[in-house]
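Peer 1: Sequence first, then the predicted structure:
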Amino acid sequence: DKFAALLAALVHDFAHPGVTNVFLQNTRSDKAVLYNDQSILEMFHAAGAFRTMLNTPGCNLTELFTRQQFCQLRETIVSMI
């Protein structure tokens, strides 16, 4: 949980666009549609951080995790963000 909390804190505003969830909803942005108006920025930050971590050589901090460990970490981080 400490590792998850640290990662969540590091990525909680990953690639933030500088607007609010309400703005994204009101402007019918692609992000709002993609995330069904539910915690748009939070889901955007989590997805982008995991996408970057898993697809950038040398950045996958979970490469030695079991599937269960990875799923637990991901679930915890997403809930914290």
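Peer 2: Structure received. Numbers count the residues shown, from 1 in each chain.
Peer 1: Now do the contacts for Q69.
Peer 2: Under the criterion of C-beta atoms under 8 Å, 6 or more residues apart in numbering, the neighbours of Q69 are T62. Any C-beta I mention is one placed from the backbone N, CA and C, and that applies to glycine too.
Peer 1: Can you read off the pLDDT for it?
Peer 2: Q69 carries a pLDDT score of 97 in this model.
Peer 1: Quick check: which element contains the closest residue to F50 other than its chain neighbours?
Peer 2: Leaving aside its chain neighbours, F50 sits nearest to R74 (6.7 Å; criterion: C-beta to C-beta, 6 or more residues apart in numbering). Per DSSP states H and E: R74 is located in helix 67-80.
Peer 1: picking that back up, what number of residues lie near the residue nearest to F50?
Peer 2: 16 (other C-beta atoms under 10 Å).
Peer 1: Likewise for L24?
Peer 2: For L24, the count of nearby residues is 21 (other C-beta under 10 Å).
Peer 1: Same question for I81.
Peer 2: I81: 21 neighbours (other C-beta under 10 Å).
Peer 1: Just the buried residues of the helix ranked longest in the chain, please?
Peer 2: What stands out as the longest helix in the chain, according to DSSP state H, is helix 40-55. Neighbour-count burial for helix 40-55, counted by 16 or more other C-beta atoms under 10 Å, picks out I40, L41, E42, M43, F44, H45, A46, A47, A49, F50, M53.
Peer 1: Look at the most centrally placed residue in the chain and report its pLDDT.
Peer 2: When C-alpha atoms, centre = their mean is applied to the chain, the residue found nearest the centroid is A46 (0.2 Å). Listed pLDDT for A46 reads 96.
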